[in-house]
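Asks: turn this into a model:
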Amino acid sequence: MDTIIFDVDDTLYDQALSFKRTCTKMIQETFTDAELDKLYITSRKYSDALFDKSVAGEISIKDMHILRIKAALEEFGITISDEKAMDFQEAYVAEQQKIALFDEVEELLELLYQENKQLAILTNGSKGHQSMKIKQLKLDRWIPEEHIFISGAIGHAKPTREVFHIIENKLKLDKKKTVYIGDSFDNDIVGAKQAGWHAIWMNHRKRNNREDIFKPEKIVYSASELLDIFRNDYSPNK
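Replies: Coordinates of the predicted model:
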């Protein structure tokens, strides 16, 4: 592969850790680790659905932040006010300013950088919020600013073909030598595959495999597995 493009949230770092810490601080109920894992996955389900509505202009970003945590907690029989939901969001943003790359991802980025691979980022979200995370993760050590693509700045979001085509044109990609790595099957895998790219599903949440016409070339269940693939000179046909 000549070009490796990464998602950010829950691909390069453990997004659940920030979420769990916020729940512990902001929600009065006591959760087991298993319950927190389930609550996180539930919140991501609502987050993805509501993000699509915000992109379509059906709801504001503020409403998205309020509704996603309220809806997730309601599945656990917990009701909070809109004000409490915004307090949760503010605490969550504060926790995200402490995020750090998976150790193996940091090693992988250095490996690919030393091999002179073209590296890039494609992430959904607002420009300001995602830029904050990218800065916290210090991704500029390996990836130049002009190779960082945020849906809020582009005007198109994954999984639409448009966002992938914009990157193809800007980076002059060869689709056969480009692989996209992400944790969301719908946004990352379907998006990349329908654009004609190769894809690796970072399924460290161990979500059930999907029966879909679009299939990733590889599925990995940890950052260490992802690193091993590229240590062994990754080829989609292996």
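Asks: show me where the chain has helices.
Replies: Here the chain has its helices, by DSSP state H, at 15-26, 33-55, 61-74, 82-96, 103-114, 127-136, 151-154, 161-171, 190-194, 223-231.
Asks: okay, the ones you listed in TSV with mean pLDDT, mean neighbour count and distance to Gly182 next?
Replies: All C-beta atoms are positioned from the backbone trio N, CA, C, and that covers glycine. Output for the helices of the chain, formatted as TSV (pLDDT from 0 to 100; neighbours: other C-beta atoms under 10 Å; distance: least, C-beta to C-beta, whole Å):
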stretch	mean pLDDT	mean neighbour count	distance to Gly182
helix 15-26	93	18	12
helix 33-55	91	17	12
helix 61-74	95	19	19
helix 82-96	95	16	18
helix 103-114	97	16	13
helix 127-136	95	16	14
helix 151-154	93	17	13
helix 161-171	95	17	12
helix 190-194	95	22	8
helix 223-231	95	18	11
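Asks: among these, which is nearest Ser184?
Replies: helix 33-55 (6.7 Å; C-beta to C-beta).
Asks: can the helices of the chain go into CSV with extra columns for distance to Met202?
Replies: Putting the helices of the chain into CSV (distance: least, C-beta to C-beta, whole Å) gives the following:
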stretch, distance to Met202
helix 15-26, 11
helix 33-55, 13
helix 61-74, 21
helix 82-96, 19
helix 103-114, 9
helix 127-136, 16
helix 151-154, 18
helix 161-171, 18
helix 190-194, 12
helix 223-231, 6
